[in-house]
Every structure is written in C-alpha cells, then in structure tokens.
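Novice: Structure here, sequence nowhere to be found:
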C-alpha cells in the first residue's frame, strides 16, 4: 500500500487528543522509513522480480528487523515513547495513537503483501494475503479505505484560511498520483533506487503533513 497507509493518520484527527498530522504521517510509514534505510545500507534485502505479483514486482524476502510482527510491535512501542517525550502537551493518548499508527502499517501490509511477513526475526513461517495479486479487490480496499478516512479528516478539522480549504485536496491528489505511478508506471530495475525513491516520497509527505497542521485545526 501507499495511500492506504496514510488513511489511519487522517482518521486519527477525529480523536479527542489527536497527535500532530505530520507526526502521524511519519508514524504510518515509520516501518518503511526503516526498511528503505536498511535496504540502502544492506541490513535487509529485496529484489525486483517482474510479474512477482500483479501489482508489485517487489520480492521482499529478507526484512526481519522492520516487517516481522515482533519488530513492528517494537517500532510501535519505541515511537510511542519518543512521541510522549517530544510532545508532552498532547499527553499519553496521542502517544498511544502514534504507536497504534505505526503498527497499522504491519496490519495493512499483511493484507496486500505476498507471504513475506515473519512473526519474529529468524522465523521461517511467513504470512500475507496477497491482495496485490487481485487488482479489483485491492483497488476497492485501498482507495475505499483512503476515501473513508479522508472524509473523517475533513469532517474533524476546519480550515484556518484559504490555504486550509484546498490543501487537503492537494495532498490527497498527490497521494493518488504517486499510487497510480507506483502501480501503473514503468518498472524499477534496481531495488536500491526503489528504496531511495520511496524514502524521498515519505519525507515529502511528512513535510506536507506538518503543513496541513498549520493550515487546518481540529474542530472543537
């Protein structure tokens, strides 16, 4: 998923004590931030295999420190602790939300990935429902989830000015454009280039999330 991972971050703004949207955008992709860094440094490994799945050429055969269940839980706890220390004003509820958002990445990956998610580093058994191999069902799930959570965000926030009225639509449109390019664009031939591109996209959308925090506010 790409846009679908951001859906829970948008929906989190409906909470009574929500975290920053920018931080939430980082949280939902934290596992992939780490994955991209680990691919670039050789800690984890993957390869481009054309036709691997109908909607993904990524064969993710070695990612125990980012995408195993135990690792995802560890990243979630760590993120919650760090957020609680950095944003004492928002309090424990927002920190717990950040931890849940980090873990949402693993749950959504479980739905779309081929069986490549281990339970723990070194575990032989792998899980994944491979929704990427069923384009119509994937489109219904990812785009439907994103649309629903984006509506929740719009209903839970208000614009601070003119920019706040168009900014969410701009960000959502960019997410849909990246998703379309990822699924319909040319194949990437090098896994490290793919990881670097992904890392760049995550950084851009994190910045856009903090921008949305400035131009929209939670409703009372």
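Specialist: On my side now, so go ahead. From a predicted model like this one, the values you see are computed outputs, not experimental measurements. Residues are numbered from 1 along each chain as shown.
Novice: Every contact and neighbour count from this point should use C-alpha atoms.
Specialist: Fine.
Novice: which residues in this structure form strands?
Specialist: 45-53, 56-62, 117-118, 126-127, 157-159, 216-218 (DSSP state E).
Novice: So what are the sheet partners of the fifth one and their directions?
Specialist: Just to be clear, that refers to strand 157-159. Here strand 157-159 has these sheet partners by DSSP bridges: strand 216-218 (antiparallel).
Novice: what does the lengthiest helix in the chain contact?
Specialist: In terms of residue count, the longest helix belonging to the chain (DSSP state H) is helix 191-215. Taking contacts as Cα atoms under 8 Å, 6 or more residues apart in numbering, the residues outside helix 191-215 that touch it are 20-26, 29, 32-33, 35-37, 39-40, 46-48, 159-161, 163-164, 167-168, 171, 188.
Novice: Could I get the full set of helices for this protein?
Specialist: Going by DSSP H, the chain shows helices at 3-11, 21-28, 30-41, 64-67, 69-86, 91-112, 135-156, 162-184, 191-215.
Novice: and the third one, which residues are buried?
Specialist: Same thing as helix 30-41. For helix 30-41, the neighbour count (16 or more other Cα atoms under 10 Å) marks 30, 31, 32, 33, 34, 35, 36, 37, 38, 39, 40 as buried.
Novice: Dump the residues you listed into JSON lines; add pLDDT and distance to residue 5 as well.
Specialist: Putting the buried residues of helix 30-41 into JSON lines (pLDDT from 0 to 100; distance: Cα to Cα, whole Å) gives the following:
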{"residue": "30", "pLDDT": "98", "distance to residue 5": "11"}
{"residue": "31", "pLDDT": "98", "distance to residue 5": "11"}
{"residue": "32", "pLDDT": "98", "distance to residue 5": "10"}
{"residue": "33", "pLDDT": "98", "distance to residue 5": "13"}
{"residue": "34", "pLDDT": "98", "distance to residue 5": "15"}
{"residue": "35", "pLDDT": "98", "distance to residue 5": "15"}
{"residue": "36", "pLDDT": "98", "distance to residue 5": "16"}
{"residue": "37", "pLDDT": "98", "distance to residue 5": "18"}
{"residue": "38", "pLDDT": "98", "distance to residue 5": "20"}
{"residue": "39", "pLDDT": "98", "distance to residue 5": "20"}
{"residue": "40", "pLDDT": "98", "distance to residue 5": "22"}
